[in-house]
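Novice: just coords:
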């Protein structure tokens, strides 16, 4: 079949006249976004700019997903407990602040867990 969309019809991504995974978040804004699933299956969205750039970026991300390049397996960090954050904060406070400020920080770190648990 000849015509303007002959080559496009052969590809799966533009059979309806729109590129798959590319959308304009606010119609008329000319700011295009892409939506794709990464190698782990998580849905990701990225702002891409112009429509042509968005189509190119979508193809690039899908290729990277198939190759497993974009995101490593352990992309997310493990959870950090409040106790770890409090301990690091107190170490910083002891090393950089005056003794009275450290004493106040230590008191806060002791009273916050009690307030969270409902104790007085």
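Specialist: Yep, it's here. Computed from a predicted model, the values in this text were never measured in an experiment.
Novice: which residues touch the residue nearest the centre of the chain?
Specialist: Residue closest to the average C-alpha location in the chain (CA atoms, centre = their mean): residue 44, at 7.3 Å. Residues near residue 44 by CB atoms under 8 Å, 6 or more residues apart in numbering: 35-38, 61. C-beta coordinates here come from the backbone N, C-alpha and C atoms, glycine included.
Novice: which of these count as buried?
Specialist: Buried subset of the contacts of residue 44 (neighbour count, 16 or more other CB atoms under 10 Å): 36, 38, 61.
Novice: give me the element the last one is part of.
Specialist: For residue 61, the element it lies in under DSSP states H and E is helix 51-67.
Novice: which parts of that helix are buried?
Specialist: Within helix 51-67, the residues that count as buried by 16+ other CB under 10 Å are 54-55, 57-59, 61-62, 65.
Novice: list the buried residues in the longest helix seen in the chain.
Specialist: Ranked by number of residues, the top helix in the chain under DSSP state H is helix 99-117. For helix 99-117, the neighbour count (16+ other CB under 10 Å) marks 102, 105, 109 as buried.
Novice: average pLDDT for it, rounded please.
Specialist: Mean pLDDT, helix 99-117: 84.
Novice: residues in contact with that helix: which ones?
Specialist: For helix 99-117, the external contacting residues (CB under 8 Å, 6+ apart) are 82-83, 86, 89-90, 93-94, 97, 120.
Novice: ok, now stretch 52-59?
Specialist: 19-22, 32-34, 36, 46, 48.
Novice: out of the residues you listed, list just those in strands.
Specialist: Counting by DSSP state E, the contacts of stretch 52-59 place 22, 32-34, 36, 46, 48 in strands.
Novice: need the buried ones from the contacts of stretch 52-59 selected in PyMOL.
Specialist: Restricted to buried positions by 16+ other CB under 10 Å, the PyMOL selection for the contacts of stretch 52-59 reads:
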select buried, resi 19+20+21+22+32+33+34+36+48
